[in-house]
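Visitor: what follows is a predicted structure for the sequence shown.
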Amino acid sequence: MCAHETGHRCSILIVEDEPDLQDLLRLTLEADGYRVAAVGDGRRALTHLRSTARTCAIVLDLVLPVMSGRRFRHAQLRDRSLAWLPVVVVSGSLDAAREARDLQAQAFVRKPVDPGELRAALNRVCHPPTPVPQRRSGIDRERDAG
């Protein structure tokens with residue numbers, strides 16, 4: 001779990017090559033109490049993930065140098081030790097929402113990034129709703145007992 005309420009047991013990895021946006025994302029998430037690491041391409045993201053166990057979610061741009069976000073995501077999904085990590089895709093391309101779905105990303109935020117939208121996406125990814133057990137009525141209990 002990547003909840004900042006849980007004492008910062010993990011961090012968010014930002015994979016973004018635009019320095020200004022990388023800084024904005026980092027400052028936004030750090031202000032919310034998350035630990036943040038940032039890299040500028042998919043290859044460095046894989047290296048980071050394989051060298052640290054603290055990451056609990058990834059904010060991923062699709063258009064990156066060296067190794068694109070698409071290639072990174074395919075490599076991540078093939079690696080059993082990394083496949084479980086949820087991904088929030090951030091992109092401004094026209095078909096980015098469809099591409100995020102195709103890449104099995106858990107959330108998508110369109111560029112230019114609205115910090116509130118990113119927070120909401122990470123909250124959904126890091127804190128999925130817990131199913132509420134249904135209470136059985138007295139009639140159901142009587143029917144099952146008899």
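Guide: Structure received.

Visitor: strands of the chain, start to end?
Guide: Ranges of strands within the chain are 11-15, 35-39, 55-61, 87-91, 107-110, based on DSSP state E.

Visitor: could you dump those strands to JSON lines with distance to residue 125?
Guide: Every C-beta, even on glycine, is put in place using the N, C-alpha and C of the backbone. Shown next, in JSON lines, are the strands of the chain (distance: least, CB to CB, whole Å):
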{"stretch": "strand 11-15", "distance to residue 125": "10"}
{"stretch": "strand 35-39", "distance to residue 125": "15"}
{"stretch": "strand 55-61", "distance to residue 125": "5"}
{"stretch": "strand 87-91", "distance to residue 125": "6"}
{"stretch": "strand 107-110", "distance to residue 125": "5"}
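
Visitor: mind putting those into CSV with mean pLDDT, distance to residue 67 and mean neighbour count?
Guide: Output for the strands of the chain, formatted as CSV (pLDDT from 0 to 100; distance: least, CB to CB, whole Å; neighbours: other CB atoms under 10 Å):
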stretch, mean pLDDT, distance to residue 67, mean neighbour count
strand 11-15, 96, 10, 24
strand 35-39, 96, 10, 18
strand 55-61, 96, 11, 24
strand 87-91, 97, 15, 24
strand 107-110, 97, 20, 20
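
Visitor: so which of those strands comes closest to residue 120?
Guide: Proximity to residue 120 (CB to CB) singles out strand 107-110 among these, at 8.6 Å.

Visitor: what are the pairing partners of the closest one, and which direction each?
Guide: Paired strands of strand 107-110, with direction, are strand 87-91 (parallel) (DSSP bridges).

Visitor: what's in contact with stretch 44-56?
Guide: With contacts defined as CB atoms under 8 Å, 6 or more residues apart in numbering, stretch 44-56 is touched by 1-2, 9-13, 15, 35, 37, 39, 58, 60, 66-67, 72, 75-76, 79, 81-82, 85-86, 126.
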